[in-house]
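Colleague: Pasted the sequence and its predicted model underneath.
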Amino acid sequence: MIKISPSILSADFANLQRDIERISSADYVHVDVMDGLFVPNISIGIPVVKSIRPTTALPLDVHLMIERPVRYVEQFCDAGADIVTCHVESDTEENIHEALRLIHAKGKKAGVVLKPKTPASAALPFINEVEMILVMTVEPGFGGQKFMADMMPKVQELRGYINEMNPACELEVDGGVDPDTAPVCIASGANVLVAGSAVYKAADIPARIAALRG
C-alpha cells in the first residue's frame, strides 16, 4: 500500500490543529525540522512536536534537517515523534549510527535521509538499522520546489538494496510530489510520499490524498 505523509510545512501555522485534522485520511504527519545551519531555513522544533502530538492519532514522521541530530533525537522521541529520520550528511557515520540506536532505545522507528547530491550507496552503512530511507527530490530547506525527476534512478537503486537487505524498510520521497509526479515515484519503488503544497492547496484534501495514492 502507498502511504501519504502530508508535510505541515505547508499548513497554516495559526491553525495547525485544524490543518492536521484536515489530513486525517493520510498515513503519517510529516514534520520538517530545520535549524538554519544544516539547511538555510528555520522551521519548528521540539515544543511544536509536543504540542501537536495530542491533536492526531496519526504517527508523526519527523524529518530532522539539523546539524548533529544525535544531540536531540531522544528529545524528539519524548515529545511524541514516532519516526525520526536523520540526514547522513549531517554528522559522522559513527554519530548517525548512535542517533539511530538512541531512537530505537526510545521504542521509535528510525531512518536516514539523502540529499539530492548524495548517492544511494550512502544509505548502505545504515540499511539494516532503519525502518525508513528518505530520498529528497528537491534541495532540502524550502517547500514548493520543483520535483527533480533525475532522482528516480537513485530511488530505483535504493529499492533494489531494500528488497535484498531489509524488505520491511519503507522508501520515502520528499519534494515536489503532486498528482503528476506521484506515479513516477511509485513506479520507481517508493511506498511513502511526502506532499506539502499539493495537499494543503487542494480544494478537497481527502480527495487529493486519495489521488496521490494512485
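Modeller: Thanks, I have it.
Colleague: So which residue is dead centre in the protein?
Modeller: His63 (4.9 Å; C-alpha atoms, centre = their mean).
Colleague: residues contacting that residue?
Modeller: Residues near His63 by C-beta atoms under 8 Å, 6 or more residues apart in numbering: His30, Val31, Asp32, Val33, Thr85, Val113, Leu134, Asp174, Val194. Heads up, the C-betas are built off the backbone N, CA and C, glycines and all.
Colleague: which one of those is nearest Phe76?
Modeller: Closest to Phe76 out of the contacts of His63 is Val33 (7.5 Å), distances taken as C-beta to C-beta.
Colleague: quick one: Val138 and Asp150 touch, right?
Modeller: No: checked against C-beta atoms under 8 Å, the pair Val138 and Asp150 is beyond contact range at 11.7 Å.
Colleague: Give me the pLDDT for the nearest residue in space to Leu193 that is not next to it in sequence.
Modeller: In space, and not counting its chain neighbours, Leu193 is closest to Val177: 5.0 Å by C-beta to C-beta, 6 or more residues apart in numbering. You'll see Val177 listed with a pLDDT of 96.
Colleague: pretty sure Val177 is in a strand, no?
Modeller: No: Val177 is assigned coil when assessed by DSSP: H, G, I helix; E, B strand; the rest coil, not a strand.
Colleague: how about it, what does it touch?
Modeller: Counted by C-beta under 8 Å, 6+ apart, Val177 has contacts Thr137, Phe147, Cys185, Leu193, Val194, Ala195, Ala198, Leu212.
Colleague: related to what we said a few turns ago, okay, the contacts of His63 in a markdown table with pLDDT next?
Modeller: Formatted as a markdown table, the contacts of His63 follow (pLDDT from 0 to 100):
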| residue | pLDDT |
| --- | --- |
| His30 | 98 |
| Val31 | 98 |
| Asp32 | 97 |
| Val33 | 97 |
| Thr85 | 98 |
| Val113 | 98 |
| Leu134 | 98 |
| Asp174 | 97 |
| Val194 | 98 |
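Colleague: Redo those residues as CSV? Include neighbour count.
Modeller: As requested, these are exported to CSV (neighbours: other C-beta atoms under 10 Å):
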residue, neighbour count
His30, 28
Val31, 27
Asp32, 24
Val33, 25
Thr85, 29
Val113, 25
Leu134, 30
Asp174, 26
Val194, 28
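Colleague: Go through the residues you listed and say which is closest to Val48.
Modeller: Distances from Val48 to the contacts of His63, taken by C-beta to C-beta, are shortest for Val31, at 7.7 Å.
Colleague: Okay, now the unreliable bits of this protein?
Modeller: Within the chain, the stretches with pLDDT under 70 are 143-144.
Colleague: Restricted to helices, list the contacts of Val177.
Modeller: Cys185, Ala198, Leu212 (DSSP state H).
Colleague: out of the residues you listed, who has the most neighbours?
Modeller: Cys185 (30 neighbours; other C-beta atoms under 10 Å).
Colleague: who's in contact with the nearest residue to it once chain neighbours are set aside?
Modeller: If the residues on either side of it in the chain are set aside, Cys185 comes closest to Val173, at 4.7 Å by C-beta to C-beta, 6+ apart. Val173 sits next to Leu134, Val135, Met136, Thr137, Met151, Val155, Cys185, Ala190, Val192, Leu193, Val194 when contact means C-beta under 8 Å, 6+ apart.
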